[in-house]
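Trainee: Any chance you could fold what I've pasted below:
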Amino acid sequence: MFLGEFEYKVDDKGRVPVPPRFRVELKGYVVLTAGLDPCITAYTAQEWKKVSEKLTSAMPSRSKLRRLNRALFASAFAIRLDPQGRVALPVSLRTHAGIGEEIVVAGANNYFEVWDRARWEEEKAQAREQAWQIAESLEE
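Mentor: Reported below is the predicted structural model:
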């Protein structure tokens, strides 16, 4: 389970540290893809396999599913962590997420996200504002 938020800077080669707590779960590599929100979503190999299997077993003739597959898999990268526990963020994913120099790595249960710091602050404020409404709707 990925918990917490961690602030880092992107180095001049586009690398960012992965929080030490997260490295154990990743077992040396991570799958990065364009998030559905303006962020990068990161999965363990095991979790990415579950996502893949779920989408593969769904009805492939649906145009929305085909689009989702294209969006997720065409933008996905399997990347090894370097010996210092850093990951190089592909330019296309940094562009998608609007990532500048300062980022936040945020745990999101069975995956984590990489956000531009300013965008993360906006997202976090909105999430906190709407959390009670979302929680109440789940109870119904």
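Trainee: For stretch 94-105, what does the pLDDT average out to?
Mentor: Here stretch 94-105 scores 98 as its mean pLDDT.
Trainee: Over to stretch 63-80?
Mentor: For stretch 63-80, the mean confidence score works out to 90.
Trainee: Would you mind confirming that Leu65 is in contact with Lys54?
Mentor: No: counting by C-beta atoms under 8 Å, Leu65 stays clear of Lys54, with 10.6 Å between them. C-beta here means a position set from N, CA and C on the backbone, and glycine is covered the same way.
Trainee: Looks to me like Thr33 is in a helix.
Mentor: No: applying DSSP: H, G, I helix; E, B strand; the rest coil, one finds Thr33 to be strand, outside a helix.
Trainee: What degree of burial does Pro19 show, as a neighbour count?
Mentor: 18 (other C-beta atoms under 10 Å).
Trainee: Ok, Gly35 next?
Mentor: Using other C-beta under 10 Å, Gly35 has 20 neighbouring residues.
Trainee: Okay then, goodbye and thanks.
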